[in-house]
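Based on what follows, work out the 3D shape:
(chains A and B)
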Protein chains: 2
Amino acid sequence: MISLADLQRRIHAGELSPDDAIAQSQEAILAQEKTIGAFVCRAENVRAPSAGPLRGIAVGIKDIMDTADFPTEMGSPIYRGFRSRGDAAVVMMLKQAGATIVGKTTTTAFASVDPTPTLNPHNHGHTPGGSSSGSAAAVAAGMIPLALGTQTGGSVIRPASFCGVAAIKPSYRLLPTVGVKCYSWTLDTVGLFAAGVDDVARGLSAMTGRPELMLSASVASPRIGVVTQHFAGAPEAAGAEALQTAARVAERAGATVHGVDLQEIVAQAWRAHPLIQEFEAHRALAWEYRENYDAMPPLLRSKLDESRDTTPAAYDAAIETAHRARQALEKVFDDVDVLLTLSAPGAAPKGLASTGDARYNRLWTLMGVPCVNVPAHVAEGGLPVGVQVIARYGADAQALAAARFVEQALARK
Amino acid sequence: MISLADLQRRIHAGELSPDDAIAQSQEAILAQEKTIGAFVCRAENVRAPSAGPLRGIAVGIKDIMDTADFPTEMGSPIYRGFRSRGDAAVVMMLKQAGATIVGKTTTTAFASVDPTPTLNPHNHGHTPGGSSSGSAAAVAAGMIPLALGTQTGGSVIRPASFCGVAAIKPSYRLLPTVGVKCYSWTLDTVGLFAAGVDDVARGLSAMTGRPELMLSASVASPRIGVVTQHFAGAPEAAGAEALQTAARVAERAGATVHGVDLQEIVAQAWRAHPLIQEFEAHRALAWEYRENYDAMPPLLRSKLDESRDTTPAAYDAAIETAHRARQALEKVFDDVDVLLTLSAPGAAPKGLASTGDARYNRLWTLMGVPCVNVPAHVAEGGLPVGVQVIARYGADAQALAAARFVEQALARK
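Numbering: from 1, shown residues only, chains lettered A, B, ... in the order given. You can find the predicted model right below:
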C-alpha cells in the first residue's frame, strides 16, 4: 500500500515531487485497475497543486459525491451521465488541502447493498465489502494513498476490515455531507480510507484544518473497554480471533483492558437503526423509488418495499430511543478512553453476491461516535479481519490515538 | 388570498374539480405575475392528480429545491440552466399528497441576502422580504394557496410577516432538506406559506402523513409567554405594536399571558448564530466561493469574505453554546405552552435594496423549535406586520394550535 505519511515526508524532504507522487499512483492504477475494478471513471493528465499538506496525494472519491470534473452516477443507471454543477464539500476540502482527485470509485447503488463488480485485492474470489467498495479496494491494492467513502450502516468500517486498510468513520458531522447523495440524514457519515492510522489522521486533519487530529509521536496507553455487542449475535471464528488478539496485544503493550457491558437502551438503539435508516431512505430516495421503480437495484428495492408502511410515530419513537442511547453511551466513556469491538462478523464473504453484514457497525453509526478500523488478523485465504476502536462523540483525536496504539501493538506481535 | 382549506372543502364537496382549482391559480398567476415577479419559471398545461389530500392545490417551490421538471437555478447565474436528476424530498412529499407543482419561486442567491426583483404585493415600493421572496409574495398576491421556502436565519417567518401570510418553520428536520441547496446544515429548515394557520397545518399534515398536525375544531386557550428578545435590540414601533396587540387580544380571548425572560445562555446562542451559519456556508458553498468568486452575489460574497478566518475551535464552541441553550430553552416550556414574539423588527423596508433583518428569527432557527407567523397588525402604507408563535422542539401541533388561537383572537378584534 502507499503510505500518505511516507509520501508527505518524501515530498517535504524534496525527494519526490508532488507530480511524481501522483504519477506513481496513476501507474499503480494502470497496473491494478483492470483486475480490481475499483474505479468508475478516472482523470487523465492530472497535475498536483504546488501547495497544501496533501499536495502529491492522489485521492479516490466514492461515486455518490458530487464532482464538477467527473460524472456522479450513484452506482445506478438512473444517474447515468449525471453531472453535478459543483464539488461536494468534502471534495473541496481535499482540493483546498492540495490533494489531487484522480477518479470516482465504485459504490453499491445509492450506497445500499447491491454489490459492485469490484474484487477484494487480498483474494479475488471475495467481496471487498460495501458500500464504499472501490475506495477500500483502491487503497488496499496500493493504487492510491487516500480515498473517501460514506457509512450509513457499516459502509466504511466493514470494507476497511475486509480489505485490510485503516479507516475512520468520524464523529457525525465532523465532515459535511453537502453534495453527497443522501440515504439517511441521521446516519450518513463521510469517512476516510488509508494505509495506516497515521495516514488516516493526516488526511482528516488536513481536510478539516484541525491540527489536534494529528497523532503525537508517542501515544499514551489507553483504557480500553472490550465490547462484544452480544445483541448483534455471535461473530465468526475469524472475527472473534481478531478481537481477542487486539485486546491481548494492547494489554501486553500497557493498555488497561476489561470487558464492558452496554446498557439495554443501547441494545434497543441497535434494533432501532434499520427502521430509522429505511424510513429516511423512503424520503431521501422518493423520486428514485416512486418514479424509477423498475430501474432500482433489486436488493435496495426489496428493502424499501418491506419498509414502506413504517409510520411517523414508529420513526419518532426510534429517534427518541437513539437519543436516550447516546446519553447512556456517553456515561460508558467516563470509565474508558475507547471501546474495542468487532469491525465485521469475520472475513469478507466468498463471491460477490453480498457485501457482508453491517450488524457490528450500525449501532455506532447511529450513536454518531468516531470509529477507526485497524487490521488485526489474517484469516484463511489471506483475508484480513479488522477491529474497531471507538471513542466518545467528538473525541476523534482520542479514537485515532488509541487506534494507533493498537496498530503498533499488533505490529510488534 | 386563496385558502387551501376552502379549496379542499369545495373539491371534497364536488363543487370544484381539482383541475379547475389549478386553472384558477394559473389564471391568478397570469394576472399578477407580471407585476409581482414571484416566479422564476412556471409549468404550462398542468393537470391535477385524481387523488391525495392536496389534489387541486397549486404549489410554488423555492428555486433552491431540486425539481425534475424545472431547472433549479439557486437565484444565481452560477446555476443558470442547471437541471437536477430528481425531485427534492419535500417536492416528492407534495406530489405524493396529490399537489401540483406550478412553478419555481424567486430566491435570493443561495438563499442569502442579495435581493430578488420580486415586489411586496401589499405595497410595490417595498421588499417582500427574503430569502423565500417569491413563495411569500405568490401566496400573498393570491396566486397560489401553498408555497415552500427555507429558513437559515429568518427566511420563512420574516417574508411571511412582511407579506401578511401565515407560515410555519417546523421543528428542525420534521421536513427533510434532501435535494435542497445547503447553506448551513445546522440551520437550514424547509417551511410552508399559506393564507392562514389552518391552511398551513393542512399542508404540513398532508406532506408528512401526520394527522396530529391538523387543527381541532376548537382550540384550547394556551399559556403564552411573551418574549421581547431584548438581546436583539429594540423593535420599530410597528413591530412593538403587532406584539402588544397580539398579546392583548389573546389574553382577552382567554389565554394566560405573561412576560418571560430567556436565560443568558439563550442570548449567547443568539450571538453564536452568525458564526455557525457562515462557518458552515464556507464549506457548503466552497465550490461556488472558491471557483466562481467573481460570479458570486456581492452581499453574500462580502459575508463570506468577512468570515473566512473563523477557526474550527470557535465553531465548536458556538455549537456547544447552542446545545446548552436548547437544553435551557426546553425548561422555559415547562411553564408556558408557547412563546409569542416579534416576527421582524417592523414592516417591510422601503425599496428592494434589503430583504430586511432576521435578528428576531435567528435564535429560533438555531434552537430548532417550530415557529408560526400570524399577521397581527397593518402599518403605514398598508404593510402587514406579523408575530410568531413558538413551541418546544417537536411540538409543531401545539405551535399551530396556539397560532390559530391568536389568529382567531385577532380576527375578532
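
if I read this right, residue A:376 contacts residue A:410, doesn't it?
Yes: counting by Cβ atoms under 8 Å, residue A:410 is a contact partner of residue A:376 at 5.8 Å. (C-beta placed from N, C-alpha, C; glycine too.)

And the closest residue to residue A:269 other than its chain neighbours, how close does it get to residue A:134?
Leaving aside its chain neighbours, residue A:269 sits nearest to residue A:325 (3.4 Å; criterion: Cβ to Cβ, 6 or more residues apart in numbering or on different chains). Per Cβ to Cβ, to the nearest Å, residue A:325 is found 32 Å from residue A:134.

which residues sit in contact with residue A:364?
A:157, A:169, A:371, A:388, A:390 (Cβ atoms under 8 Å, 6 or more residues apart in numbering or on different chains).

Let's see which of the residues you listed end up in helices.
Judged by DSSP state H, the subset of those located in helices is residue A:157.

picking that back up, and the residue nearest to residue A:269, what element?
Using DSSP states H and E, the element containing residue A:325 is helix A:312-332.

Next, the buried residues of that helix.
With burial defined by 16 or more other Cβ atoms under 10 Å in any protein chain shown, the residues of helix A:312-332 counted as buried are A:315, A:318, A:319, A:321, A:322, A:325, A:326, A:328, A:329, A:332.

got a pLDDT number for the third one?
Right, residue A:319. pLDDT, residue A:319: 98.

What separation is there between it and chain B?
As judged by Cβ to the nearest Cβ, to the nearest Å, residue A:319 and chain B stand 9 Å apart.

Just confirm that residue contacts residue A:277, I think it does.
No: here residue A:319 does not reach residue A:277: they are 11.7 Å apart, not a contact under Cβ under 8 Å.

Need the per-residue pLDDT for the residue nearest the centre of chain A.
The centroid of chain A falls nearest to residue A:156 when counting by Cα atoms, centre = their mean (1.9 Å). For residue A:156, the model assigns a pLDDT of 98.

which ones are touching it?
Here residue A:156 is in contact with A:132, A:149, A:150, A:167, A:168, A:169, A:189, A:191, A:192, A:193, A:371, A:373 (Cβ under 8 Å, 6+ apart).

same deal with residue A:306?
residue A:278 are the contacts of residue A:306 under Cβ under 8 Å, 6+ apart.

helices or strands up against the strand or helix carrying residue A:148?
Per DSSP H and E: residue A:148 is located in strand A:146-151. Strand A:146-151 sits against strand A:58-62, helix A:89-96, helix A:133-140, strand A:189-194, with contacts defined as 3 or more Cβ pairs under 8 Å, 6 or more residues apart in numbering or on different chains; DSSP states H and E.

by how many degrees do the third one and strand A:189-194 diverge?
Going by axes from the mean of the first three to the mean of the last three Cα atoms, to 10 degrees, helix A:133-140 is angled at 30 degrees with respect to strand A:189-194.

how far is helix A:133-140 from where the chain is centred?
Distance of helix A:133-140 from the chain centroid (Cα atoms, centre = their mean, to the nearest Å) equals 10 Å.

same for that helix, what does it pack against?
Contacts defined by 3+ Cβ pairs under 8 Å, 6+ apart place helix A:133-140 against helix A:18-36, strand A:39-42, strand A:58-62, strand A:100-105, strand A:146-151, helix A:157-163, strand A:189-194.

Check the shortest one too.
Secondary structure elements in contact with strand A:58-62, counted by 3+ Cβ pairs under 8 Å, 6+ apart, are helix A:18-36, strand A:100-105, helix A:133-140, strand A:146-151.

on that earlier part again, among the contacts of residue A:364, which are in strands?
Using DSSP state E, the subset of the contacts of residue A:364 located in strands is A:169, A:371, A:388, A:390.

Count the neighbours of the third one for me.
Residue A:388 has 34 neighbours, counted by other Cβ atoms under 10 Å in any protein chain shown.

hang on, it packs against residue A:154?
No: using Cβ under 8 Å, residue A:388 is not in contact with residue A:154; the gap is 9.6 Å.

quick revisit: which one of the buried residues of helix A:312-332 sits closest to chain B?
residue A:319 (9.1 Å; Cβ to the nearest Cβ).

who in the stretch 251-400 of chain A is up against chain B?
Within the stretch 251-400 of chain A, the positions lying close to chain B (Cβ under 8 Å from any Cβ of the partner chain) are A:280, A:283, A:284, A:286, A:287, A:288, A:290, A:291, A:311, A:312, A:316, A:394.

filter those residues to the buried ones?
Looks like those have A:280, A:283, A:284, A:286, A:287, A:288, A:290, A:394 buried, using 16+ other Cβ under 10 Å.

what pLDDT does the closest residue to residue A:338 other than its chain neighbours get?
Of all residues not flanking residue A:338 in the chain, residue A:402 sits nearest, at 4.2 Å (Cβ to Cβ, 6+ apart). The model reports residue A:402 with a pLDDT of 98.

ok, now which ones touch residue A:233?
Counting by Cβ under 8 Å, 6+ apart, residue A:233 has contacts A:345, A:359.

Against chain B, how distant is it?
31 Å.

And the strands in the stretch 251-400 of chain A?
A:256-259, A:338-342, A:371-379, A:383-390 (DSSP state E, counting those that start in this stretch).

Please point out which parts of stretch A:8-23 sit buried.
A:8, A:10, A:11, A:16, A:18, A:21, A:22, A:23.

Provide the contact partners of it at residue level.
So stretch A:8-23 is contacted by A:7, A:46-50, A:53, A:55-58, A:98, A:100, A:102, A:202 (Cβ under 8 Å, 6+ apart).

Narrow those residues to those that are buried.
A:7, A:46, A:48, A:53, A:55, A:56, A:57, A:58, A:98, A:100, A:102, A:202.

Pretty sure the second one sits against residue A:100.
Yes: at 5.3 Å, residue A:46 and residue A:100 qualify as touching, with contact defined as Cβ under 8 Å.

Grab the nearest non-local neighbour of residue A:280.
residue A:184 (4.0 Å).

just residue A:33 next, same as before
residue A:39 (5.8 Å).

how much space is there between that neighbour and residue A:107?
Counting by Cβ to Cβ, the gap from residue A:39 to residue A:107 is 11 Å.

More neighbours: these two, which one.
Taking neighbours as other Cβ under 10 Å, residue A:39 and residue A:107 compare with residue A:107 leading, 31 against 24.

Does the more buried one belong to a helix, a strand or coil?
coil (DSSP: H, G, I helix; E, B strand; the rest coil).

With adjacent residues omitted, what lies nearest to it?
residue A:75 (4.3 Å).

what about the one you found, helix or strand, and which?
Counting by DSSP H and E, residue A:75 is part of no helix or strand.

Report how many residues lie close to it.
Residue A:75: 27 neighbours (other Cβ under 10 Å).

List the residues that contact it.
So residue A:75 contacts A:40, A:63-64, A:106-111, A:114, A:116, A:131, A:297 (Cβ under 8 Å, 6+ apart).
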